[in-house]
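Enquirer: curious how this folds, go ahead:
(one chain, ligands or ions: 2)
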Amino acid sequence: MAVYTQLSAETLGHLIAHYDVGGLVSAKGIAEGVSNSNWLLETTGSVANGTRFILTMYERRIDTSELPFFLGLLDHLSERGAPVPRTIHDRSGGASREIDDKAVALIEFLPGVSVDRPTPAQAFNVGAVLAQMHLAAQDFPMRRANDLGPDVSAAVLADCGEAALADIAHDLPAAVDAARVVADGWPQGLPRSIIHSDLFPDNVLMLGDTVSGLIDFYFACHDAMAYDLAVTHAAWSFTDAGRSFRSEIGQALVAGYESVRPLDAVERSALPLLAQGAAMRFVSSRAQDWIETPADALVTRKDPMDFMRRFAFYKHNGAKAFG
Ligand SMILES: Nc1ncnc2c1ncn2[C@@H]1O[C@H](COP(=O)(O)OP(=O)(O)O)[C@@H](O)[C@H]1O
Ligand SMILES: N[C@@H](CCOP(=O)(O)O)C(=O)O
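Expert: Residues are numbered from 1 along each chain as shown. Ligands and ions are numbered 1, 2, ... in the order given. The predicted model follows:
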């Protein structure tokens, strides 16, 4: 579930009155997602022929002082033709407003569905759109550092402690040393842009083979573009909780990416280690969330072992997977 706050029709009506989108016709809470509350709104007016909008209320994890970066990035990418929802601004030009001390933003609704089992054609197009996004972001003037880089993953796992990690899964304590090794060997100087850094299938909307939307940019940051490709590779190319690698999906993602932005030799040879770092990024955040989230909480905890298995795969087979 992801509607943490109840909003009355009256509150929504008052909010919508600040935008040039007409009156409220309907509002439905969206079940998907874990971090924010989201509603699908329908209104009597339209922006670029759209009468549907996503209302997001920022509930956790996001520092609202960073909203100008995230929302400005949506506008920047959308203006450059990337399939990214634009921010709907209120009449005074504001990209976000507040309801009861919580920040909210109105965002363009994009059609499409997230795929569970991508085809190679879909993976190719996801790779191509990721590269398109990287190029479109290169002249975005704002910066945000990656606060979940390899050193942070290593520190988070060390802080969790081997005993707590062993309580989650027998093989998880090995992540503490493994993440340190990855961080110590992390490649420097790779070409950078603003990267999505969480481009899992649930953050991509598709219509058939076409990518209709990239959403959920709330981990976007300035970092190596090849790292973003590695994250996407780790998120898309496995089934069975990270036990089975779908080589045809991994190859299609990289081929699609390179159809728009060819990798240089240094980026290419860094991919196996970047993918290990990508896996550790999600092992660490999932382990931390697991420890901090009560077992009976409304949010379903994600298993860090799904990404420990991916880490092991990339460590032993990374060169072949990206060869
Ligand atoms: N711009 C959009 N257009 C269409 N649907 C969207 C859009 N933004 C979000 N959604 C829907 O809302 C759900 C949750 O959004 P998301 O940003 O992933 O939330 P969270 O950050 O909580 O994971 C998505 O899975 C999708 O169904
Ligand atoms: N993709 C991450 C979780 C991030 O959550 P999101 O709902 O904001 O995409 C993972 O799978 O661990």
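
Enquirer: low-confidence regions, the protein specifically.
Expert: Counting by pLDDT under 70, the chain contains low-confidence ranges at 1-2, 298.

Enquirer: how far off centre is whichever strand in it runs longest?
Expert: Among the elements of the chain assigned as strand by DSSP state E, the one spanning the most residues is strand 37-47. Relative to the mean C-alpha coordinate of its chain, strand 37-47 is positioned 23 Å out (CA atoms, centre = their mean, to the nearest Å).

Enquirer: let's check: the centremost residue of the protein is which one?
Expert: The centre of the chain sits closest to residue 198, judged by CA atoms, centre = their mean, with a distance of 2.7 Å.

Enquirer: for residue 217, see how far away that residue is.
Expert: According to CB to CB, to the nearest Å, residue 198 stands 8 Å off from residue 217. (Each C-beta comes from the backbone N, C-alpha and C, glycine too.)

Enquirer: and residue 16, what does it touch?
Expert: With contacts taken as CB atoms under 8 Å, 6 or more residues apart in numbering, residue 16 has the following neighbours: 22-24, 41, 43.

Enquirer: narrow those residues to those that are buried.
Expert: Buried residues within the contacts of residue 16, defined by neighbour count using 16 or more other CB atoms under 10 Å: 24, 41, 43.

Enquirer: can you give me the buried ones in the longest strand of the chain?
Expert: Along strand 37-47, these residues count as buried under the neighbour rule (16+ other CB under 10 Å): 37-39, 41-43, 47.

Enquirer: please apply the same query to stretch 296-308.
Expert: By neighbour count, and taking 16+ other CB under 10 Å as the criterion, the buried residues in stretch 296-308 are 301-308.

Enquirer: on that earlier part again, of the buried ones among the contacts of residue 16, just say which sits nearest to residue 153.
Expert: For these, the closest approach to residue 153 (CB to CB) belongs to residue 41, at 37.0 Å.

Enquirer: I'd assumed residue 26 was in contact with that closest one.
Expert: Yes. Residue 41 is in contact with residue 26 according to CB atoms under 8 Å; the separation is 7.2 Å.

Enquirer: who in the stretch 201-323 of the chain is up against ligand 2?
Expert: If contact is defined as CB under 6 Å from any ligand atom, the residues of the stretch 201-323 of the chain in contact with ligand 2 are 203, 216, 282, 285-286, 302.

Enquirer: what does the stretch 51-200 of the chain put close to ligand 2?
Expert: Selection of the stretch 51-200 of the chain residues close to ligand 2 by CB under 6 Å from any ligand atom yields 198, 200.

Enquirer: quick one: classify the residue of the stretch 51-200 of the chain at minimum distance from ligand 1 as helix, strand or coil.
Expert: Using CB to the nearest ligand atom, residue 85 is the residue of the stretch 51-200 of the chain that sits closest to ligand 1, at 3.6 Å. Of the three states, residue 85 takes coil under DSSP: H, G, I helix; E, B strand; the rest coil.

Enquirer: likewise for residue 230?
Expert: With three-state DSSP as the basis, the three-state label of residue 230 is helix.

Enquirer: tell me the contacts of it?
Expert: Residues in contact with residue 230, defined by CB under 8 Å, 6+ apart, are 271, 274-275, 277-278.

Enquirer: relative to ligand 1, which of the contacts of residue 16 is nearest.
Expert: Using CB to the nearest ligand atom, the shortest approach to ligand 1 within these belongs to residue 41, at 11.2 Å.

Enquirer: ok, what's across the strand from that closest one?
Expert: Residue 41 forms beta bridges with residue 27, residue 53, as assigned by DSSP bridges.

Enquirer: got the buried ones among the contacts of residue 16 as JSON lines, with distance to ligand 1 columns?
Expert: Output for the buried ones among the contacts of residue 16, formatted as JSON lines (distance: CB to the nearest ligand atom, whole Å):
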{"residue": "24", "distance to ligand 1": "18"}
{"residue": "41", "distance to ligand 1": "11"}
{"residue": "43", "distance to ligand 1": "15"}
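
Enquirer: check those against residue 166 and report the nearest one.
Expert: Of all the buried ones among the contacts of residue 16, the one sitting nearest residue 166 is residue 41; the distance, using CB to CB, is 45.8 Å.

Enquirer: filter the contacts of residue 230 down to the buried ones, ChimeraX style.
Expert: Listed next is the ChimeraX selection for buried residues among these, using 16+ other CB under 10 Å:
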select :271,274,275,277,278
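
Enquirer: and this protein, what are its domains?
Expert: Per automatic domain parsing, the domain ranges recorded for the chain read 9-108, 120-321.
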